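Q: with the sequence up front, the predicted model follows.
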Amino acid sequence: MDVKKGFPVVTEIPYTAKLGAIVPRRKMVKSPVPTKVDDAIVNGWIEAMRCSSPPRKKKIGHDHSPSNDADCEFRSWQTKCPSALTSFDKIMVHAEGRKIALFLDYDGTLSDIVDDPDKAVMTKKMRVAVKDVAKYFPTAIVSGRSRDKVFEFVKLTELYYAGSHGMDIMVPEISSTNKKVDNLFQPAREFLPMMDEVFRSLIEITKGIEGCKVENNKFCCSVHYRNVDEKDWNLVVQYVNNIAKAYPKLRVTHGRKVLEIRPLIDWDKGKAVEFLLDSLGLNNSENVLPIYIGDDRTDEDAFKVLKKRNCGHGILVSSVPKETEAVFSLKDPSEVMAFLRLLVRYKKRQSLNNGEN
């Protein structure tokens, strides 16, 4: 572990699940001519790519303009998935007598979605809001980014971090010698050499696609097409598919303007939330209220877990109507920051009423 990143010494937590045999190493793919992918697969992927990040609304300024229609549609959607800000008191009623555990996605939740993923920096005000809320509630960042990368963005050592969609989790603990030791949990550790090969192959094969960016998130490889002309999306799909087909133990998933290749194991953000709750001794649904805030399709796995366990609230960050397993919604990171501040004020008021310092 790189001490420069701000993390203490790491000890591994053994993982006993059977992942199956790992595919033998292959030579790096070097700019192959894309094969013909089944039309149904291509069309399905392209449609998912379009839906992953809806276009921004254009205001025309008339009573029946598309923007007004969209606003009406959004308000209608909020009757099913109401604002977590206007519903804050209702949420806190459920929190009465229970300990709140907070889980936060990063991109699109704590920071705005930007064209260059390397520049998705959270604001100073947001960092203060996250730091303040972590003083009162166990707080974890659960991101598709690599754990080290998301820590570089957040820079708060008091948080728990789950990178690579929960496949790289660090849980700080106090050892018997009163020293802080971080337990590292990596259910897909055996895939690391394979993921490195995939990353290098993707870099090579996509280098001719203008605007395409490949990001190494340790246990997943992300192909960002936000800046790729839509006419080239078909090519992105074919190249990603060509790489994935060579590795039967890997799968392709979709995010907001990103395709990701990651290990085909029974693990996701929902499983990561369950693991963190268990590791932190917060798995008693009667005493704990988990709140998960995220904006991406991958966050739906966490929303599903909370709904299935009937133990917490999923909050979707979105300014447009979406099918979701979340119970509440927030429009954007600015509303996320407002919600975090409300949580802090709630805890301070509660402490004051209880006569605590």
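A: Everything's here; your move. Computed from a predicted structure; not experimentally measured.
Q: strands of the stretch 51-200 of the chain, start to end?
A: Assigned by DSSP state E, counting those that start in this stretch, the strands in the stretch 51-200 of the chain fall at 99-104, 139-142, 160-163, 168-174, 180-185.
Q: got those as a markdown table, with mean neighbour count columns?
A: Just so you know, the C-beta spots here come from the backbone N, C-alpha and C atoms, and that holds for glycine as well. Below are the strands of the stretch 51-200 of the chain laid out as a markdown table (neighbours: other CB atoms under 10 Å):
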| stretch | mean neighbour count |
| --- | --- |
| strand 99-104 | 22 |
| strand 139-142 | 25 |
| strand 160-163 | 24 |
| strand 168-174 | 18 |
| strand 180-185 | 16 |
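Q: now the residue nearest to Asp299 when sequence neighbours are not counted: how far from Cys72?
A: Leaving aside its sequence neighbours, Asp299 sits nearest to Asp105 (CB to CB, 6 or more residues apart in numbering; 5.4 Å). Asp105 sits 28 Å away from Cys72, going by CB to CB, to the nearest Å.
Q: and these two? Which one has more around it.
A: Neighbour count, other CB atoms under 10 Å: between Asp105 and Cys72, Asp105 has more, with 25 against 11.
Q: residues contacting the more buried one?
A: By CB atoms under 8 Å, 6 or more residues apart in numbering, the residues touching Asp105 are Ile141, Val142, Ser143, Ile293, Gly294, Asp295, Asp296, Asp299, Val317.
Q: just Tyr292 next, same as before
A: Taking CB under 8 Å, 6+ apart, one finds Phe103, Leu104, Val142, Val273, Asp299, Ala302, Phe303, Leu306, Gly312, His313, Gly314, Ile315 in contact with Tyr292.
Q: which one (most neighbours) among the residues you listed?
A: Asp299 leads the contacts of Tyr292 on contacts (other CB under 10 Å) with 33 neighbours.
Q: what sits against it?
A: Asp105, Val142, Lys269, Tyr292, Gly314, Leu316.
Q: how about a cut-off of 10 Å?
A: Asp299 makes contact with 103-105, 108-109, 142-144, 165, 255, 268-270, 273, 292-293, 314-317, 324-326, according to CB atoms under 10 Å, 6 or more residues apart in numbering.
Q: ditto for Tyr161
A: Tyr161 touches 7, 106, 140-143, 145-148, 150-151, 154, 168-172, 182, 276, counting by CB under 10 Å, 6+ apart.
Q: residue closest to the middle of the protein?
A: Among the residues of the chain, the one closest to the centroid is Ser143, at 3.5 Å (CA atoms, centre = their mean).
Q: what pLDDT does that one get?
A: As predicted, Ser143 sits at a pLDDT of 96.
Q: give me the nearest residue to Val223, chain neighbours excluded.
A: In space, Val223 is closest to Leu259, 4.6 Å off (CB to CB, 6+ apart).
Q: Glu300: what secondary structure?
A: helix (DSSP: H, G, I helix; E, B strand; the rest coil).
Q: was I right about it contacting His254?
A: No. Glu300 lies out of contact with His254 (CB atoms under 10 Å); the separation is 11.4 Å.
Q: how about the helices in the stretch 51-200 of the chain?
A: 66-77, 88-95, 124-136, 147-154, 192-206 (DSSP state H, counting those that start in this stretch).
Q: now do the buried residues in the longest one.
A: Yep, that's helix 192-206 we're talking about. For helix 192-206, a neighbour-count test (16 or more other CB atoms under 10 Å) marks Met194, Met195, Glu197, Val198, Phe199, Arg200, Ser201, Leu202, Ile203, Glu204, Ile205, Thr206 as buried.
Q: how about the fourth one?
A: Residues Arg147, Asp148, Lys149, Val150, Phe151, Phe153, Val154 are the ones in helix 147-154 that count as buried (16+ other CB under 10 Å).
Q: show me the contacts for the fourth one.
A: So the one you mean is Val150. Val150 neighbours (CB under 10 Å, 6+ apart): 105-107, 110, 120, 141-144, 159, 161-164, 168, 217.
Q: may I see the buried residues of helix 147-154 organised as a markdown table, with distance to Arg226 and pLDDT added?
A: Conversion of those to a markdown table gives the following (distance: CB to CB, whole Å; pLDDT from 0 to 100):
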| residue | distance to Arg226 | pLDDT |
| --- | --- | --- |
| Arg147 | 23 | 95 |
| Asp148 | 22 | 94 |
| Lys149 | 17 | 95 |
| Val150 | 18 | 95 |
| Phe151 | 23 | 95 |
| Phe153 | 18 | 96 |
| Val154 | 22 | 96 |
